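**Q** got a sequence here, can you model it:
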Amino acid sequence: MKSFCVAAILVALTASAASAETIGVSMQSFDNNFQTLLREGLSARASEVGGVTLQIEDAQTDVSKQLNQVNNFIAAGVDAIIVTLADTSAAPGISAAAEKAGIPLVYLNLEPGNLAQLPQKQAYVGSKETDSGRLGAEAACQILKKNGKASSAQAYILMGDLAHQASRDRTSSVKETLAASDCKDVSIADEQSAAWTRTNAMDLTTNWITAGRPIDAVFANNDEMAIGAIQALKATGVSMDSVVVVGIDATQDALVAMAAGDLDVTVFQNAKGQSASAVDAAVALAQGKGIEKEVWVPFELVTPENMDQYRQKN
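**A** Numbers count the residues shown, from 1 in each chain. Model (predicted):
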């Protein structure tokens, strides 16, 4: 498995868009905060390199709708396709359709499954999801140790959509990291899916609180769910000083929560870097140029000590 520096990819592929290219884009959901950042990043990169036209569609988390969008792109004769998956299960059908049509395909942000089995002229651009869970868990463990709770904490995990590899990887890496650290005695009291959304996370956390369960830490698979947990905790009078809350993405809303002292840790996921690399990869493939099947954009730990440098990154 090979990793590549984002900057190197951008430099190497910037010249690829010398001719006009039309790229069909099917997004998982326009309503998702991070997907919105990706969509804005795609448009920004297309404008930056010039000669690239994007046709962006909202799959609304519907697998059938997404496959129809891909088939419509194929019928329209686009030069390449970029997809953020509504569901991992949709990947085989999408890959097969694009391969049969001979149209390059780039999966963005949400893994399509076994990357080694992607057909020719297909690639994945994203970040190693296990790294995000590990970074967040390591930082949370240090806080729990400082608070004297490393051996007794009750932790909860708010998972994303269970159909997404990111949700499964982020969750497993949190548990594996805690088990291999000074926080091996931290108990995972419950883990449930809140489907990436703030409202669902607030409802789940409220249920945990009203059940009378002690909550020492909340590990959320994304910032939206972390914020939902914070809202539930504060609404029920829980002191945020007594709970460690961890998110992923380093969205602007998350940084506001961190500045207020409510969010302890998040992990920056580079939406601009992922989007730019996806556009560059799609253009290169459309022009018959070879690229690696896996393009990795690193996650970065964000804490109150360094959060200011991330305010303008996404």
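**Q** going by C-alpha atoms from here, please, whenever you check contacts or count neighbours.
**A** Noted.
**Q** looking at this, residue 66 is in a helix?
**A** Yes: looking at residue 66 with DSSP: H, G, I helix; E, B strand; the rest coil, it is inside a helix.
**Q** gap between it and residue 41?
**A** 20 Å (C-alpha to C-alpha, to the nearest Å).
**Q** looking at these two, which one has more neighbours?
**A** residue 66 (26 against 23; other C-alpha atoms under 10 Å).
**Q** so who does residue 279 touch?
**A** By C-alpha atoms under 8 Å, 6 or more residues apart in numbering, the contact set of residue 279 is 42, 45, 46, 82.
**Q** show me where pLDDT drops low in this protein?
**A** Low-confidence segments of the chain (pLDDT under 70): 1-19, 314.
**Q** which residues touch the residue most central in space within it?
**A** In the chain, the centroid-proximal residue (C-alpha atoms, centre = their mean) is residue 109; its distance is 5.9 Å. Residue 109 sits next to 84, 124, 125, 126, 127, 274 when contact means C-alpha under 8 Å, 6+ apart.
**Q** element containing the third one, please.
**A** If I follow you right, that is residue 125. strand 122-126 (DSSP states H and E).
**Q** helices or strands next to that strand in the packing?
**A** strand 105-108, helix 271-286, strand 294-296 (3 or more C-alpha pairs under 8 Å, 6 or more residues apart in numbering; DSSP states H and E).
**Q** among the contacts of residue 279, which one sits closest to residue 57?
**A** residue 82 (10.5 Å; C-alpha to C-alpha).
**Q** does that closest one sit in a helix, a strand or a coil?
**A** Following three-state DSSP, the label given to residue 82 is strand.
**Q** just so I have it, where are all the helices in the stretch 101-250 of the chain?
**A** In the stretch 101-250 of the chain, the helices defined using DSSP state H, counting those that start in this stretch lie at 129-146, 165-179, 198-210, 223-235.
**Q** can I get those in TSV with distance to residue 34 and mean neighbour count?
**A** Shown next, in TSV, are the helices of the stretch 101-250 of the chain (distance: least, C-alpha to C-alpha, whole Å; neighbours: other C-alpha atoms under 10 Å):
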stretch	distance to residue 34	mean neighbour count
helix 129-146	15	21
helix 165-179	13	20
helix 198-210	13	19
helix 223-235	9	24
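**Q** of the ones you listed, which is nearest residue 188?
**A** Closest to residue 188 of the helices of the stretch 101-250 of the chain, according to C-alpha to C-alpha: helix 165-179, at 8.0 Å.
**Q** which strands and helices lie in contact with that closest one?
**A** Taking 3+ C-alpha pairs under 8 Å, 6+ apart as the contact cut, helix 165-179 packs with helix 129-146, strand 154-159.
**Q** list the contacts of residue 132.
**A** Going by C-alpha under 8 Å, 6+ apart, the list of residues near residue 132 reads 170, 248, 267, 299, 300.
**Q** okay, now residue 236: neighbour count?
**A** 11.
**Q** re the thing from before, what's the most distant pair in the contacts of residue 109?
**A** 84 and 127 (13.2 Å).
**Q** excluding its backbone neighbours, what's nearest residue 92?
**A** Among residues not flanking residue 92 along the chain, residue 112 sits closest, at 7.9 Å (C-alpha to C-alpha, 6 or more residues apart in numbering).
**Q** I'd guessed the one you found sits against residue 88; true?
**A** Yes: the pair residue 112 / residue 88 is scored as a contact, 5.4 Å apart, by C-alpha atoms under 8 Å.
**Q** return every residue with contacts to both of those two.
**A** Common neighbours of residue 112 and residue 88 (C-alpha under 8 Å, 6+ apart) are residue 165.
**Q** ok, back up a step: which of residue 84 and residue 127 has more residues huddled nearby?
**A** Under the neighbour definition other C-alpha under 10 Å, residue 84 and residue 127 were set side by side, and residue 84 has more, 28 against 25.
**Q** mind listing what the more buried one touches?
**A** Neighbours of residue 84 in contact, by C-alpha under 8 Å, 6+ apart: 26, 27, 28, 107, 108, 109, 110.
**Q** among those residues, the buried ones, what's the ChimeraX command?
**A** Remark: buried members of the contacts of residue 84, expressed as a ChimeraX selection using 16 or more other C-alpha atoms under 10 Å:
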select :26,27,28,107,108,109,110
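**Q** which one of the contacts of residue 84 sits closest to residue 304?
**A** For those, the nearest to residue 304 is residue 109 (26.0 Å; C-alpha to C-alpha).
**Q** ok, now how distant is that closest one from residue 78?
**A** 21 Å.
**Q** how much space between residue 111 and residue 86?
**A** For residue 111, the distance to residue 86 - C-alpha to C-alpha - is 11 Å.
**Q** so the two - more neighbours on which side?
**A** residue 86 (26 against 22).
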